[in-house]
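# this one's sequence-less:
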RNA sequence: CGGGGCGUAGCGCAGCCUGGUAGCGCACGUGCUUUGGGAGCACGAGGCCGUGGGUUCGAAUCCCACCGCCCCGACCA
């Protein structure tokens, strides 16, 4: 591909809106252009990378028996009504009407369609197990996109679906995907770690997320160096050592003007935060008012809370009027005197004696509040976030918290969808059973961005061989005044094309500086420089982008590389 | 949805406060020179100043409304 013909442009200045390295570099190097918030065009170079990532995924999913297919982006709303998700999912599911006023949706995933196809096509246990997958555009109307390709509204995802006879079969399909994902991310040059994660709205039985550590990540991971404990903070258990025992003291009002936060309260009373109780107020999607109590030195974990409450439609923060209406006061809140509220208390609060809690009166708290002496919780269980340095629930050594980007997920769905759609098979036992499903996603664009995050320097991108848009970047220097240079470069370019291994060829009439700078920005694994100097030195200057290692290779050797994709000697590789 | 910021040429920005009809760098076109690390000179093209309304003799500039984009939070995979 001649750079003089390539549809792209490199930018000398960083685009103002880009914060992350991947976003900045992909824009600057001409891989991407933004069309709207969370909506991007892939330029030819970007499309090439995306295709290569796709191909890696395709090979590995094929290798575990996946069958590629393609399911539609636009679905009749009935499909989503039948599974119930039409009503459970909020505004991120895009709904619209077609010309005959029929309700339609843009698909966020394809469990429904798979379940319907299974219902139509599978009758006998002999037809299972099976894995199907496709690469398809998803549109999710995110409340907020961010970080370039990290969180977008429109994106292509590989989603595969396993269809098994029973839980044991699902376990096997799940294991296969787990192993395939490890191979995929290794090939993509990503150090992904699998963490256990929440099963969320689909109510499955187990799930893992594959995470790449990154400070811009949106998830917090709880990791243990001493053992293999690795959980998303959303579900991570927390080691909470017992507090010092104390005799229970009587409640006592204390004036605390302006102490509306735990921080202020602890400072004002000159006590540690661990001697306070923190109240958080929520309303569930099904209309219940919830008071959650954790100790002042912890934060409420909303995922655990949602799961404990089995709250359909999740949680939203309560409004001030709603809190007052139930006899409580924001900033000075506690369950003392609360009405019409579900009271959920963290287990550590129950074990911690004589805490300072809100008096539900502006400017006042209460000392020595004890559960269940002073108020009766509806539930007592772990609803706290794990903190940096907390004891690992598994082995007790201190855990660490890290930010991560989710590059893939695997999910044991179970039979929710197949039951909803009546996707049954006739078993060997002569009975009808629901097909057991799993669902497994990998977002292409997000992976491309993560690859750049992991493989770049201050000069630009440094693609791993496996995903580079082209294996090499051929730069000619002085082709205008040295016919031999031009001829050699042209011949190498033609040869590569003929060998089915096209390379980038900078045939532009640009100064050497521009060409080298662009080559480093664009990030092909090898740069091949042909110049009067290189020819005089015996051939072509070969530079490895990643290491900067540089040497002169003979023309023969370079031709061998272009034909086979590898350098004969180990010297350059 | 709450908080903050920003919309002026393909990209990065100035001009706005104090109203007088748009400018800089890069990129782009032509010519000459240059040619191993973002070249030089000359000439040139390119802008409903986000949109609509208002104030004014006159609005990029002041006022109002809307739209869009970015960041933090909420939310989410």
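Great, that's in hand. Not measured: the values here are computed from a predicted model.

# quick one: contacts for the residue in the stretch 301-450 of chain A that RNA strand B sits nearest to?
Taking C-beta to the nearest atom of the strand as the measure, the stretch 301-450 of chain A has residue A:314 as its residue closest to RNA strand B, at 4.0 Å. Using the backbone N, CA and C atoms, a C-beta is placed for each residue, glycine as well. With contact set as C-beta atoms under 8 Å, 6 or more residues apart in numbering, residue A:314 has these partners: A:284, A:285, A:306.

# burial count for the first one?
What that stands for is residue A:284. Per other C-beta atoms under 10 Å, the neighbour tally for residue A:284 reads 19.

# Local confidence estimate at the residue of the stretch 301-450 of chain A closest to RNA strand B?
What the model reports for residue A:314 is a pLDDT of 78.

# Name the SS class of the residue nearest the centre of chain A, please.
Here the mean C-alpha position of chain A is nearest to the C-alpha of residue A:406 (C-alpha atoms, centre = their mean), at a distance of 2.1 Å. In three-state terms, and counting by DSSP: H, G, I helix; E, B strand; the rest coil, residue A:406 is strand.

# Could you find the lowest-pLDDT member of the contacts of residue A:314?
The member of the contacts of residue A:314 with the lowest pLDDT is residue A:285, at 80.

# and the gap between that residue and residue A:292?
Using C-beta to C-beta, to the nearest Å, one obtains 16 Å as the distance from residue A:285 to residue A:292.

# Likewise for residue A:148?
Using C-beta to C-beta, we find residue A:148 at a distance of 35 Å from residue A:292.

# sorry, back to before: phi, psi of the closest residue to the residue nearest to the centre of chain A other than its chain neighbours?
Leaving aside its sequence neighbours, residue A:406 sits nearest to residue A:209 (C-beta to C-beta, 6 or more residues apart in numbering; 4.8 Å). Backbone dihedrals for residue A:209, given as degrees, to the nearest 10, come out at phi -110, psi 140.

# isn't residue A:209 right up against residue A:411?
No: in this structure residue A:209 lies outside contact range of residue A:411 using C-beta atoms under 8 Å: 9.2 Å.

# Among the contacts of residue A:314, name the ones that also lie close to RNA strand B.
The residues of these that also fall near RNA strand B, by C-beta under 7 Å from any atom of the strand, amount to none at all.

# ok, residue A:456 - how many residues close by?
Applying other C-beta under 10 Å, we find 20 residues neighbouring residue A:456.

# rewinding a little: who touches both of residue A:209 and residue A:411?
The contact lists of residue A:209 and residue A:411 share no entry, where a contact means C-beta under 8 Å, 6+ apart.

# any residues touching whatever helix or strand residue A:53 lives in, and which ones?
Taking DSSP states H and E as the criterion, residue A:53 maps to helix A:44-63. Outside of helix A:44-63, the residues within contact range by C-beta under 8 Å, 6+ apart are A:6-8, A:26, A:29-32, A:42, A:68, A:131, A:133, A:135, A:156, A:158, A:160, A:180-181, A:183-184, A:187-188, A:442, A:444-445, A:447-448, A:451, A:463, A:466-470, A:522.

# List the buried residues of that helix.
Going by neighbour count (16 or more other C-beta atoms under 10 Å), the buried part of helix A:44-63 is A:45-46, A:48-54, A:56-58, A:60-61.

# can you list those residues in a markdown table and add pLDDT and distance to RNA strand B?
Putting the buried residues of helix A:44-63 into a markdown table (pLDDT from 0 to 100; distance: C-beta to the nearest atom of the strand, whole Å) gives the following:
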| residue | pLDDT | distance to RNA strand B |
| --- | --- | --- |
| A:45 | 96 | 15 |
| A:46 | 96 | 16 |
| A:48 | 96 | 20 |
| A:49 | 97 | 18 |
| A:50 | 96 | 15 |
| A:51 | 97 | 20 |
| A:52 | 97 | 21 |
| A:53 | 97 | 15 |
| A:54 | 97 | 17 |
| A:56 | 98 | 19 |
| A:57 | 98 | 16 |
| A:58 | 98 | 20 |
| A:60 | 98 | 20 |
| A:61 | 98 | 19 |
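
# I'd like those residues written out as a markdown table, with distance to residue A:560 added.
Below are the buried residues of helix A:44-63 laid out as a markdown table (distance: C-beta to C-beta, whole Å):
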| residue | distance to residue A:560 |
| --- | --- |
| A:45 | 26 |
| A:46 | 30 |
| A:48 | 24 |
| A:49 | 26 |
| A:50 | 29 |
| A:51 | 26 |
| A:52 | 23 |
| A:53 | 28 |
| A:54 | 29 |
| A:56 | 25 |
| A:57 | 30 |
| A:58 | 29 |
| A:60 | 29 |
| A:61 | 33 |
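
# Pull the most distant pair out of those residues.
Within the buried residues of helix A:44-63, two members stand farthest from each other by C-beta to C-beta: A:45 and A:61, at 25.0 Å.

# Helices along the stretch 1-150 of chain A, start to end?
Across the stretch 1-150 of chain A, reading from the start of the chain, the helices by DSSP state H, counting those that start in this stretch fall at A:21-28, A:44-63, A:77-83, A:85-88, A:111-121.

# one step back: so residue A:285 and residue A:292 - more neighbours on which side?
A side-by-side neighbour count of residue A:285 and residue A:292, using other C-beta under 10 Å, places residue A:292 first with 26 against 15.

# Let's see the pLDDT reported for that one.
pLDDT for residue A:292: 93.

# Can you tell me the SS state at it?
Taken by three-state DSSP, the conformation at residue A:292 corresponds to strand.

# beta partners of it?
Using DSSP bridges, the bridge partners assigned to residue A:292 are residue A:280, residue A:344.

# Surely it touches residue A:300?
Yes: counting by C-beta under 8 Å, residue A:300 is a contact partner of residue A:292 at 4.9 Å.

# re the thing from before, you'd agree the residue nearest to the centre of chain A is up against residue A:219?
Yes: assessed by C-beta under 8 Å, residue A:406 is found in contact with residue A:219 at 6.0 Å.

# Need the residues touching each of those two.
The contact sets of residue A:406 and residue A:219 overlap at A:209, A:211 (C-beta under 8 Å, 6+ apart).

# The helix holding residue A:53 to helix A:21-28, inter-axis angle?
The directions of helix A:44-63 and helix A:21-28 differ by 130 degrees, with axes from the mean of the first three to the mean of the last three C-alpha atoms, to 10 degrees as the criterion.

# Could you tell me how many residues sit around residue A:19?
Summarising burial for residue A:19: neighbours were counted as other C-beta under 10 Å, giving 13.

# wait, I meant residue A:295
Residue A:295 sits with 22 neighbouring residues when counted by other C-beta under 10 Å.

# shouldn't it be in contact with residue A:346?
Yes: with contact defined as C-beta under 8 Å, residue A:295 counts as touching residue A:346 (6.6 Å).

# Now for those two: what residues contact both?
Common neighbours of residue A:295 and residue A:346, counting by C-beta under 8 Å, 6+ apart, are residue A:384.

# Which residue does the stretch 401-550 of chain A have closest to RNA strand B?
Across the stretch 401-550 of chain A, no residue is closer to RNA strand B than residue A:513, which sits at 2.5 Å (C-beta to the nearest atom of the strand).

# tell me the phi and psi of the residue nearest to residue A:375 when sequence neighbours are not counted?
For residue A:375, ignoring the flanking residues on the chain, the nearest one in space by C-beta to C-beta, 6+ apart is residue A:335 at 4.4 Å. Note on residue A:335: its backbone torsions stand at phi -70, psi 0 [degrees, to the nearest 10].

# Could you check how far residue A:335 is from residue A:328?
8 Å.

# Name the residues contacting each of the two.
Each of A:279, A:291, A:341 lies in contact with both residue A:335 and residue A:328 under the rule C-beta under 8 Å, 6+ apart.

# before we move on, back to that, could you give the bridge partners of the residue nearest to residue A:406?
Counting by DSSP bridges, residue A:209 is bridged to residue A:195, residue A:409.

# What of residue A:550?
Here residue A:550 sits in beta bridges with residue A:543, as judged by DSSP bridges.

# List the contacts of it.
Contact analysis of residue A:550 by C-beta under 8 Å, 6+ apart lists A:541, A:542, A:543, A:544.
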